[in-house]
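Trainee: what follows is a predicted structure for the sequence shown.
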Amino acid sequence: MYEITRIIHIDAGHRIADHTSECRHLHGHRYEIHATCQAAALRSSGPERGMVVDFAVVKEELTKLIADPCDHGLIVDAEDRTITTMLGIADADVQWVNRNQTARTASNSAGFKIYLTPFPPTCEHLSRHWYELMSAALHARTKGHVTMKKVRVYETPNSYADFPSVITPSITENDKGTA
Ligand SMILES: [Zn+2]
């Protein structure tokens, strides 16, 4: 199994409403996000010959799915009524996220960049959320050649979460050989 990792950084604000200490305050982080991809074989022809996948492809997906909606924005739990009210986030967006349990950008009266989530924006939830987005996108884009192994999210230089925590996809007969 071959493995590569592409890293991006974004700046974003959040708060953890239920937290009893510092994290309940609205604050920001420079998130460092590691996307680790695997393939059973390297590409045997074409512009990606000798690669799992072009790093640029991973970066494009990271940019589209994570940086574009979240960089220099606020990541807000749709159930955090204090913040959704303060920012004037549209009720329709809050209700849509709660009903569909799916994150989305939200319009708001302040004109801020808001990414509304159906979960408290902890490192653990964000790593799982971004893993699921990246996994689906890369699988589709590479027609199943590439598997996302994990997404690691650093909230600070000393604190990070991995999702999934342990995974080694089994290699089936169909995965062996070159692709
Ligand atoms: Zn924080």
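Mentor: Thanks, I have the structure now.
Trainee: report the secondary structure state of residue 35.
Mentor: Here residue 35 is strand, with the state taken from DSSP: H, G, I helix; E, B strand; the rest coil.
Trainee: tell me who's in contact with it.
Mentor: By Cβ atoms under 8 Å, 6 or more residues apart in numbering, the residues touching residue 35 are 5, 6, 7, 8, 58, 61, 62, 130, 134, 148, 151. Bear in mind the C-beta positions are built from the backbone N, C-alpha and C, glycine included.
Trainee: where do the strands sit along this structure?
Mentor: Taking DSSP state E as the test, the strands found in the chain are 2-14, 27-39, 73-77, 104-106, 114-117, 147-156, 159-163.
Trainee: average pLDDT for the shortest one?
Mentor: Spelled out, that is strand 104-106. For strand 104-106, mean pLDDT rounds to 96.
Trainee: what does the second one give?
Mentor: Strand 27-39 shows a mean pLDDT of 98.
Trainee: tell me the strands beside that strand, with direction?
Mentor: With DSSP bridges as the test, strand 27-39 is paired with strand 2-14 (antiparallel), strand 147-156 (antiparallel).
Trainee: can you list the buried residues in the shortest one?
Mentor: By neighbour count, with 16 or more other Cβ atoms under 10 Å as the criterion, the buried positions of strand 147-156 are 147, 148, 149, 150, 151, 152, 153, 154, 155.
Trainee: wait, what's in contact with the spatially most central residue of the chain?
Mentor: What sits nearest the mean C-alpha location of the chain, by Cα atoms, centre = their mean, is residue 130, with 2.0 Å. Taking Cβ under 8 Å, 6+ apart, we find residue 130 in contact with 33, 35, 65, 66, 151, 153.
Trainee: hmm, try it at 10 Å
Mentor: By Cβ atoms under 10 Å, 6 or more residues apart in numbering, the contact list for residue 130 reads 31, 33, 35, 62, 65-66, 70, 103, 148, 151-153, 163.
Trainee: count of neighbours near residue 160?
Mentor: Neighbourhood size, residue 160 [other Cβ atoms under 10 Å]: 17.
Trainee: for it, which residues make a bridge with it?
Mentor: Assessed by DSSP bridges, residue 160 has beta-bridge partners residue 154.
Trainee: was I right to think it contacts residue 29?
Mentor: No: the criterion here is Cβ atoms under 10 Å, and residue 160 misses it with residue 29 at 11.1 Å.
Trainee: hmm, back to that, as a markdown table, the strands paired with strand 27-39 with distance to residue 48 and mean pLDDT would be great.
Mentor: Formatted as a markdown table, these follow (distance: least, Cβ to Cβ, whole Å; pLDDT from 0 to 100):
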| stretch | distance to residue 48 | mean pLDDT |
| --- | --- | --- |
| strand 2-14 | 11 | 98 |
| strand 147-156 | 15 | 97 |
